[in-house]
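sequence and predicted structure, then a few things I'm wondering about:
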Amino acid sequence: MSETMTESPVAASERMIPPISCYIRTLNESRMIAEVVRAAYQVCREVIIIDSGSTDGTIAIAREAGASVVHQDWLGNGGQKRVGEDRASYDWVLDLDADEVVTPEFAAEVMDLFEAGEPPCAVYNTPLVNVPPVGKPWYGYGQSERHKLYDKTKIRIPDHPAWDQFRIPRGTKVGKLKHAILHYAFDGAELFITKVNKNSSTRARHVEDKAMAWLIIRIFLGLPVYFSKRYFVNGLWRGGVYGFAFALMSGFGKWLRDVKMYERIMKERGKSLYRD
């Protein structure tokens with residue numbers, strides 16, 4: 001594993017920035033990485049890129065934006081984030097994906113949180129607002145929540161090939177941030193379907209197997225349920241054409257995970273019978 005350090009663009013005003021390290025996993029993320037890095041520096045003293053072999057200019061762009069770059073062969077969704085935690089200079093870390101942009105409002109809220117010293121909670125729940133390829137961010141609907149800001153000495157990402165979100169230990173005080181990080185999840189259907197296909201394969205391989213009878217029921221009946229939850233319950237009906245498309249592609253991803261899990265289980269059973 002190798003590292004190339006670049007001087008932070010906020011070095012001169014570091015005293016104004018909270019002691020937070022940001023880490024970002026990348027693999028061919030040139031689309032937005034410069035914007036993501038620069039926005040993170042609104043509230044972080046360092047930004048670390050954990051790259052697993054980009055060939056599209058991501059590394060050069062990230063360095064130019066002021067990030068330090070660490071090469072790490074892929075260790076899985078959780079394992080790769082663990083590297084980010086280990087390389088972070090500060091106990092407090094901000095976990096960003098390469099398509100998540102810190103807003104000025106989020107940065108100001110976090111800076112206020114650190115103004116009096118150590119924040120009162122070990123982890124903070126953060127809203128993620130999706131941004132469609134065309135149009136305004138989906139504030140107030142279709143958003144998700146993640147634990148993006150946390151003290152790595154108290155909570156750590158699980159070292160898991162599929163899961164990269166931690167379970168909050170019992171008794172841990174969890175805070176909630178009001179302002180959102182913007183999630184540019186896709187710039188079109190082609191990119192989003194590529195992500196959906198990759199994620200469904202990873203989860204089908206590494207999450208706990210479902211009972212076969214339940215898995216078959218999900219394959220036959222799950223797609224409209226998955227879609228309806230995103231479209232109606234999460235409010236994506238308010239997002240027009242892209243809201244409908246996003247809900248359908250998201251639901252399809254969950255359904256595809258079920259189908260791929262079914263395929264894997266059946267193939268494993270077939271090999272077992274053949275050996276017997």
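Everything's here; your move.

quick one, what contacts the closest residue to Leu215 other than its chain neighbours?
Closest residue in space to Leu215, ignoring its immediate chain neighbours: Tyr262 at 5.4 Å, by Cβ to Cβ, 6 or more residues apart in numbering. (C-beta placed from N, C-alpha, C; glycine too.) Tyr262 makes contact with Met212, Leu215, Ile216, Ile219, according to Cβ atoms under 8 Å, 6 or more residues apart in numbering.

name the spans of this structure whose pLDDT lies under the cut-off.
The model of the chain has pLDDT under 70 over residues 1-15, 272-276.

mind listing what the residue nearest the centre of it touches?
Nearest residue to the geometric centre of the chain (Cα atoms, centre = their mean): Asp97, 4.6 Å. Shown in contact with Asp97 (Cβ under 8 Å, 6+ apart): Ile24, Arg25, His183.

how near is it to Arg31?
12 Å (Cβ to Cβ, to the nearest Å).

closest to Phe227 among the contacts of Tyr262?
Ile219 (14.4 Å; Cβ to Cβ).

looks to me like the residue nearest to Leu215 is in a strand.
No. Secondary structure of Tyr262 (DSSP: H, G, I helix; E, B strand; the rest coil): helix, not part of a strand.

measure it to Glu109 for me?
Tyr262 is 44 Å from Glu109, by Cβ to Cβ.

count of neighbours near Lys210?
16 (other Cβ atoms under 10 Å).

how about Glu190?
Neighbour tally, Glu190, other Cβ under 10 Å: 8.

so after the strand or helix carrying it, what's the next helix or strand?
Counting by DSSP states H and E, the element that carries Glu190 is helix 189-206. Downstream of helix 189-206, the next assigned helix or strand under DSSP H and E is helix 212-228.
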